[in-house]
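[1] sequence first, predicted model second:
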Amino acid sequence: MGTALLYDEEMTKYKLLWVDPACKIEVPERLIVSYEALVRSGLSDRCISIPAREASDSEILLVHSELYLEAVKKTPYMTLEDLKEFTLQFGDVYFHPNIYHCAKLASGSALQLVDSVMTGKVRNGIALVRPPGHHSMHGAANGFCVFNNVAIAARYAKQKYGVKRVLIVDWDIHHGQGVQYCFEDDPSVLYFSWHRYEHQNFWPNLRESDYDSVGKESGTGFNINVPWNNVGMENSDYLSVFCHVLLPVAYEFCPDLVLVCAGFDSAIGDPEGEMCATPDIFAHLTHLLMNLAGGKLCAVLEGGYNLTSLAQSVCQTVQTLLGDPVPQLANLRGPCKSAIESLQCARSAHRRYWSFLKHAADPPMTDISTKHIKSAMEEEEKTEMAEEERCTEGKVWPEPPERLCPPVCSASVLPDDVVCPDGLKPLSSSKDLEPLLVSKLKTAAVDGDGVTTFSRLYTLVEKLVANEIRNGLVLVPDVAAAMMCVVQDLTSDLVKRVLVVCVGKEKELDYVTTDGKVLVVQISSEDSEEHRSKYYIPVCLKKGCSDTSGFIQAVLGLLLPLGYEYNPDLVLLVRMPGSGVVDSMWQQLIGLLQGFAKGHTLVLMQVNEKACMGSTASALLGHPAPPLQDLQTPFPEDGDALERLRERLQADWKMLQTTS
Ligand SMILES: NCCCNCCCCCC(O)(O)C(F)(F)F
Ligand SMILES: [Zn+2]
């Protein structure tokens, strides 16, 4: 299934008609450059174009009051003076004779997107709209927003499609207080937002934007705020919050639909956010959400004011929605101190509501919620600092790397008598190995057809590295031996870093590097005291890999952060026989691992496990993994062990830090 793209140039036909410094950044060109970048890059042609439509009164009334709607209805007929007068009652927003029409199109586009996804016409999609929505409230416009596009879409999805649980992820750099107010008492809508806050000194300067606003009444726990109290946040900070706050809760919540308040003012170069995360981060944020809700993801544009980073960020998002490989993120140095404080506060505020956060540490000593009374001095300094120093036009960043789709998505190396699953391309050409390697294999008591397998394996690795193939599945007689072979020999000169993810444990892995060329993460039911090394990380689950709750926690809170920091060129996923891993979990793991090494994942399985080849192939081909149904509460000892393991490793692996 494809990716929907909603865009209508009518939504560019309104603008600020008077002087208002607070609103001058919200210009029609925001939409124009975003759409043109998609056209120029060829991405729009790969999408399924869905027409915009006007939201009806009843749809708008799902969120807004009749009083407010009737008032906005009058604006098309107002004089300039009336419009200015009308605008005065709201904050940081402007009206225009055509903005009511555009606001209906913006909300209607979000509803069209929900229809396309919920009816299965497309898998996911994005609506490029203005005016944005996440600040508008029941009875008021605010922050460039007139109707709350995403809030209306959430209510609409529940009403029309009986959606039980909606996850709203708001990665815009401003707090979508309109969305928070709408759903704060509603346990069926989980709202997550990060936002520039600076101890309440940043717009909209609300006390309720802080991490301790967790929702109310039956919605308690279903509102997650992560305040950024400094500017300059980077990719590491964003990914840490996804891995250690959002994703564990999102998987436990198990949504039927994911809506994204896709604001790109959180990217580098934006004058509002003043952050330093690069546009390719949105490729990963999108990717990390795409295995939730069976892939049903609707992104709706909110903010974004640097036309260059906005256009790049939109392209990165759409390219991931289309299923293209995600770019490698280099030198992730772990979250900064301020981000760790925010992350720790959010985790501790929610640990009583989410079993996946149960073992979160106490909040940091420094209470970050008190509002720093800005000293006159500090205020003066800020204004004294030359405008160009503070503003972000000076920021430069590299163009996001090209994300080429290999000609073959998934290849397979199977014994001749095994039928190749649909969609996989059997790799027949077996390159004859160097005699040295053959002799080595022979000494490893690899029999004749084993050598053939290994020579095909070698060919497969070569093609992965050459980006001729995206990923591959290999069935071997002895998976442990094959793993050693791949790690020791096949990758010696082909790749710089191999991440080996070992699911289950048959016997001790007697191969561990200390030079950092291989990082082994082994998830199993047994602990192992030996080779305590930075590059061999055994994760012990009390009930082993069949315990999906423990498994997904280990993947989100440990494997993903490690993988991002290690930044491998190849991922080797080894399924030990008898691991007991649940099929949906196995598919989720394959899906998530595609975020590394440009999707170059090599899955090694034993021939006698060929029954799960079909689901493996499905995941490798990029089909969304099935939701992890009814997750049990994780075993306390597992949660504890994971927390202790993270504390022990965070000295070596900065991305594991969750406490200051
Ligand atoms: N220096 C100018 C001050 C501007 N203060 C208001 C900022 C509104 C942000 C709107 C947005 O970006 O959150 C949306 F997504 F809604 F468009
Ligand atoms: Zn914003």
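    Okay, I see it. None of these values were measured; they are calculated from a predicted model. Ligands and ions are numbered 1, 2, ... in the order given.
[2] pull the contacting residues for the residue in the stretch 101-250 of the chain that ligand 2 sits nearest to.
    Ranked by C-beta to the ion, the top residue of the stretch 101-250 of the chain for proximity to ligand 2 is residue 174, at 3.5 Å. Yep, even glycine has a C-beta here, placed from its N, CA and C like the rest. The contact partners of residue 174, by C-beta atoms under 8 Å, 6 or more residues apart in numbering, come to 134, 135, 143, 195, 196, 203, 204, 263, 265, 272, 302, 303.
[3] show me which helix or strand of this protein is least confident by mean pLDDT.
    helix 387-390 (a mean of 43; mean pLDDT, DSSP states H and E).
[4] beyond that helix, next helix or strand please.
    In the C-terminal direction, the helix or strand that comes right after helix 387-390 (DSSP states H and E) is strand 408-413.
[5] and that next one, how far out from the chain's middle?
    The chain centroid and the centroid of strand 408-413 are separated by 26 Å under C-alpha atoms, centre = their mean, to the nearest Å.
[6] cool, and stretch 180-195?
    18 Å.
[7] could you do stretch 27-41 as well?
    23 Å.
[8] could I get that stretch in CSV with only the CA atoms?
    The C-alpha trace of stretch 27-41 is given here as CSV (Å, rounded to 0.1, in the frame of the first residue of the first chain):
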residue,chain,number,x,y,z
VAL,A,27,4.0,32.9,5.3
PRO,A,28,2.5,31.1,2.3
GLU,A,29,6.0,30.2,1.0
ARG,A,30,6.2,27.6,3.8
LEU,A,31,3.7,25.5,2.0
ILE,A,32,5.0,26.3,-1.5
VAL,A,33,8.6,25.3,-0.7
SER,A,34,7.5,22.1,1.0
TYR,A,35,5.4,20.9,-1.9
GLU,A,36,7.9,22.1,-4.5
ALA,A,37,10.7,20.2,-2.8
LEU,A,38,8.6,17.0,-3.0
VAL,A,39,8.0,17.6,-6.6
ARG,A,40,11.6,18.4,-7.5
SER,A,41,12.9,15.3,-5.7
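[9] contacts for that stretch?
    5, 7, 9, 11-16, 44-45, 47, 128-130, 301, 304-305, 307, 310-312, 314-315, 318.
[10] show me those that map onto helices.
    Counting by DSSP state H, these place 44, 45, 307, 310, 311, 312, 314, 315, 318 in helices.
[11] OK, contacts around the fifth one?
    Right, residue 311. So residue 311 contacts 33, 34, 36, 37 (C-beta under 8 Å, 6+ apart).
[12] of these, closest to ligand 2?
    Among those, residue 34 lies closest to ligand 2 (C-beta to the ion), at 14.5 Å.
[13] of the contacts of stretch 27-41, just the buried ones, ChimeraX syntax please.
    Provided next is the ChimeraX selection string for whichever of the contacts of stretch 27-41 are buried by 16 or more other C-beta atoms under 10 Å:
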select :5,7,11,12,14,15,16,44,47,128,129,130,301,304,305,307,310,311,312,314,315,318
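[14] which of the contacts of stretch 27-41 come close to ligand 2?
    Checked against ligand 2 using C-beta under 5 Å from the ion, the contacts of stretch 27-41 yield no neighbours at all.
[15] so what sits opposite the closest residue to residue 605 other than its chain neighbours in the bridge?
    Leaving out its chain neighbours, the residue that sits closest to residue 605 by C-beta to C-beta, 6 or more residues apart in numbering is residue 575, at 4.7 Å. Judged by DSSP bridges, the bridge partners of residue 575 are residue 503, residue 605.
[16] please tell me the pLDDT value assigned to the residue in the chain positioned nearest to ligand 1.
    The nearest approach of the chain to ligand 1 comes at residue 303, 2.2 Å away (C-beta to the nearest ligand atom). Model confidence at residue 303, given as pLDDT, is 98.
[17] enumerate every residue touching residue 163.
    118, 157, 256, 257.
[18] of those, closest to residue 504?
    Nearest to residue 504 out of these is residue 256 (C-beta to C-beta; 30.9 Å).
[19] roughly how far does the closest residue to that closest one other than its chain neighbours sit from residue 255?
    Leaving aside its sequence neighbours, residue 256 sits nearest to residue 163 (C-beta to C-beta, 6+ apart; 4.7 Å). To residue 255, residue 163 is 8 Å away according to C-beta to C-beta, to the nearest Å.
[20] out of the contacts of residue 174, list just those in strands.
    Judged by DSSP state E, the contacts of residue 174 include 195, 196 as members of strands.
[21] Serialize the contacts of residue 174 to CSV and add fields for distance to residue 535.
    CSV is the format used below for the contacts of residue 174 (distance: C-beta to C-beta, whole Å):
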residue, distance to residue 535
134, 43
135, 47
143, 47
195, 37
196, 37
203, 45
204, 46
263, 38
265, 39
272, 41
302, 41
303, 41
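[22] I'd like the contacts of residue 174 as TSV, with neighbour count and distance to residue 619 appended.
    Listed next are the contacts of residue 174 as TSV, based on neighbours: other C-beta atoms under 10 Å; distance: C-beta to C-beta, whole Å:
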residue	neighbour count	distance to residue 619
134	30	33
135	29	38
143	28	40
195	26	34
196	24	37
203	18	42
204	18	42
263	28	30
265	26	34
272	20	38
302	31	31
303	28	34
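[23] which of the contacts of residue 174 are close to ligand 2?
    Within these, those near ligand 2 by C-beta under 5 Å from the ion are 263, 265, 303.
[24] tell me the SS of the residue nearest to residue 256?
    coil (DSSP: H, G, I helix; E, B strand; the rest coil).
[25] all helices of the stretch 451-600 of the chain, in order?
    With DSSP state H, counting those that start in this stretch as the criterion, the stretch 451-600 of the chain has helices at 479-485, 548-554, 560-566, 583-593.
[26] deepest of the ones you listed, which one?
    Comparing these by mean neighbour count (mean count of other C-beta atoms under 10 Å), helix 548-554 ranks first with a mean of 26.
[27] now do the end-to-end distance for stretch 85-98.
    By C-alpha to C-alpha, to the nearest Å, the extent of stretch 85-98 from end to end equals 16 Å.
[28] chain center to it, what's the gap?
    Worked out by C-alpha atoms, centre = their mean, stretch 85-98 lies 34 Å from the chain centre.
[29] stretch 617-630 too?
    16 Å.
[30] contacts for that stretch?
    Under C-beta under 8 Å, 6+ apart, the answer for stretch 617-630 is 123, 251, 254, 290-295, 323, 409-410, 412, 421-424, 471-473, 548, 552, 582-588, 590-591, 594, 601, 603.
[31] restricted to buried residues, select these in ChimeraX.
    Selection of buried members from those for ChimeraX, criterion 16+ other C-beta under 10 Å:
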select :123,251,254,290,291,292,293,294,295,323,409,410,412,421,424,471,472,473,548,552,582,583,584,585,586,587,588,590,591,594,601,603
